[in-house]
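Student: have a look; sequence and predicted model below, questions after that.
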Amino acid sequence: MGHAVQLTDVVKTYPLGEGQVVAVDDVSLTIGRGEFVAIVGRSGSGKTTLLNLLAGIDRATSGTVHAVGADLGSLSESGLASWRGANVGLVFQFFQLLPTLTVAENVILPMDFAAKIPPRQRRARALDLLDRVGIADQADKLPAMLSGGQQQRAAIARALANDPPLILADEPTGNLDSHTAAAMLELFTGLNAEGRTIVVVTHERDIRDVVSREITLVDGRIITDTRLTGASA
Ligand code: ADP
Ligand code: MG
C-alpha cells in the first residue's frame, strides 16, 4: 500500500503578540492509501491546522509534507492550488457553498478550475454526483433553499467533482443533527470503500465504528494513534 500522506517533523507556528503559538508540534505521520482516519482532540489542539497542512492551504513552518505524490513545500502558490484542485476533496463544517450559484453550479466550479473533466461532460457529471449523494432533485436551487444536511451533501458532491484520491473533512457533521450526521458518515464509508483515502476531524461519539484509525491530538502533538479492527483498511 503506497502512502497517501507523509508528514515528517512538521511544525506549524503562528505569530501571537511578541511570541508565537505552536499549533502543530513536531508531527510525523504516514497515512496509507485507502485508510479512513479520524483526527480527534479538544478545541485548539491543532486539528484544523493539521488538515490545512495536508490540503496545502497552510505551509509548514518546518518539516516536510508529502501528499498524493507531491512535496507540498516545493510547490508555488498556484502549483499548490492546481495540485489541490485535482487531488483533494475538501468538506467543511459550514459547507461553504457559494450562495449565488445553484447547487449544480457549485459542483461544476471545481471542474472548471481543474479542467480535468471535459466541458461538455461537466453538467452531467455534477448531476450524477448529486444523485449519488441523494439530492439530484435540488440541483437547480440555490444553497439557501436546502437544509443543512442537503447542503453538506452538496458540499460532498462538490468535493468529488474532480474524482480526488484524498478527501479531507473538518468537522463535517459538526453542524448537523445526529441522524443526518450518521447518514453523512455512511456516505464517507462508501467513498472509502471505493479506495479513497479519507481524513476526517470529528467529535462524533461513534466514529470508531466507522474509521480504520483514530489519531488523538493534544497541544499539537499526536498522543495516541490507534488502528481499529472491523473497519475497511
Ligand atoms: P482545532 O482545530 O483543534 O480547534 P486549530 O488548528 O484551529 O485547532 O488551532 C490550534 C492552535 O493554533 C490554537 O491555539 C489556535 O488558537 C491557533 N491558531 C490556529 N489558527 C491560527 C491563526 N491563523 N493565527 C493564530 N493562531 C492560530
Ligand atoms: Mg478546528
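Tutor: That came through, no problem. Numbers count the residues shown, from 1 in each chain. Ligands and ions are numbered 1, 2, ... in the order given.
Student: list, one by one, the residues from this protein near ligand 2.
Tutor: Selection of the chain residues close to ligand 2 by CB under 5 Å from the ion yields 47-48. Placement of C-beta: from N, CA and C, glycine included.
Student: surely V21 meets V11?
Tutor: No - with contact defined as CB atoms under 8 Å, V21 and V11 do not form a contacting pair (11.5 Å).
Student: what parts of this protein come near ligand 1?
Tutor: Within the chain, the positions near ligand 1 by CB under 6 Å from any ligand atom are 14, 16, 21, 23, 41, 43-49.
Student: tell me who's in contact with G89.
Tutor: 156, 158-162, 164, 166-168 (CB atoms under 8 Å, 6 or more residues apart in numbering).
Student: alpha carbons of the host helix or strand of S28, as PDB, please.
Tutor: Mapping S28 onto the secondary structure by DSSP states H and E places it in strand 19-32. Listed in PDB are the C-alpha atoms of strand 19-32, where the atom choice follows Å, rounded to 0.1, in the frame of the first residue of the first chain:
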ATOM      1  CA  GLY A  19       5.700  35.400  20.700                       C
ATOM      2  CA  GLN A  20       4.100  32.500  18.800                       C
ATOM      3  CA  VAL A  21       1.600  29.700  19.100                       C
ATOM      4  CA  VAL A  22       2.800  26.200  18.300                       C
ATOM      5  CA  ALA A  23      -0.300  24.800  16.600                       C
ATOM      6  CA  VAL A  24       1.400  21.600  15.300                       C
ATOM      7  CA  ASP A  25       4.300  20.500  17.300                       C
ATOM      8  CA  ASP A  26       6.700  18.100  15.600                       C
ATOM      9  CA  VAL A  27       4.300  15.700  14.000                       C
ATOM     10  CA  SER A  28       5.500  12.800  11.900                       C
ATOM     11  CA  LEU A  29       2.700  10.700  10.400                       C
ATOM     12  CA  THR A  30       2.200   8.400   7.500                       C
ATOM     13  CA  ILE A  31      -1.300   7.600   6.100                       C
ATOM     14  CA  GLY A  32      -1.600   4.800   3.600                       C
END
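Student: what's that strand packed up against?
Tutor: Helices and strands touching strand 19-32, as assessed by 3 or more CB pairs under 8 Å, 6 or more residues apart in numbering; DSSP states H and E, comprise strand 3-16, helix 47-54, strand 62-67, strand 197-201, strand 221-227.
Student: okay then, goodbye and thanks.
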